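Visitor: Need a 3D model of the sequence below.
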Amino acid sequence: MQSIQRSVDRKKLIFKIQDHSYFHTGQRLYAQDVAASLNFHQQRQQQTTSPTALHIQATGLHEITVSSTQPIELGD
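Guide: Residues are numbered from 1 along each chain as shown. Okay, the predicted model is just below:
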């Protein structure tokens, strides 16, 4: 992860991944890969619990945006 930005209302996070990130197989890692993985795990979790739904999408080649109707806590 290169950086994380949080909106003032804490309802949006923007993750920037490093330009030269790779899977263990040697293939390039892009934001769409990360978003797909996060969405997959969120859907699995929602089957067993009812957490606040997150909207996760790739908003650039190396940028993922996570948004929610509720503030997102980072543990800080």
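Visitor: hey, let's count contacts and neighbours off CA atoms from now on
Guide: Will do.
Visitor: And the worst-scoring helix or strand of the chain on mean pLDDT, what does it pack against?
Guide: Lowest by mean pLDDT, DSSP states H and E among the helices and strands of the chain is helix 31-48, with a mean of 87. Helix 31-48 sits against strand 55-60, strand 63-67, with contacts defined as 3 or more Cα pairs under 8 Å, 6 or more residues apart in numbering; DSSP states H and E.
Visitor: got the angle for it vs strand 55-60?
Guide: Using axes from the mean of the first three to the mean of the last three Cα atoms, to 10 degrees, one finds that helix 31-48 and strand 55-60 are set 180 degrees apart in direction.
Visitor: which parts of helix 31-48 are buried?
Guide: Within helix 31-48, the residues that qualify as buried are Ala31, Gln32, Asp33, Val34, Ala35, Leu38, Asn39, Gln42, counting by 16 or more other Cα atoms under 10 Å.
Visitor: Then stretch 10-27?
Guide: For stretch 10-27, the neighbour count (16+ other Cα under 10 Å) marks Arg10, Lys11, Lys12, Leu13, Ile14, Phe15, Lys16, Ile17 as buried.
Visitor: Of those residues, just say which sits nearest to His24.
Guide: Nearest to His24 among these: Ile17, at 15.7 Å, using Cα to Cα.
Visitor: pretty sure that closest one is in contact with Thr59, am I right?
Guide: No: look at Ile17 against Thr59 with Cα atoms under 8 Å: they stay out of range, at 11.7 Å.
Visitor: Now the common contact residues for those two.
Guide: Counting by Cα atoms under 8 Å, 6 or more residues apart in numbering, the contacts common to Ile17 and Thr59 are Ala31.
Visitor: Gln2: neighbouring residues, count only.
Guide: Neighbourhood size, Gln2 [other Cα atoms under 10 Å]: 10.
Visitor: List the contacts of it.
Guide: Gln2 neighbours (Cα under 8 Å, 6+ apart): Phe15, Lys16, Ile17, Gln18.
Visitor: With distance to His24 as new columns, can these be given to me in TSV?
Guide: Shown next, in TSV, are the contacts of Gln2 (distance: Cα to Cα, whole Å):
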residue	distance to His24
Phe15	21
Lys16	19
Ile17	16
Gln18	15
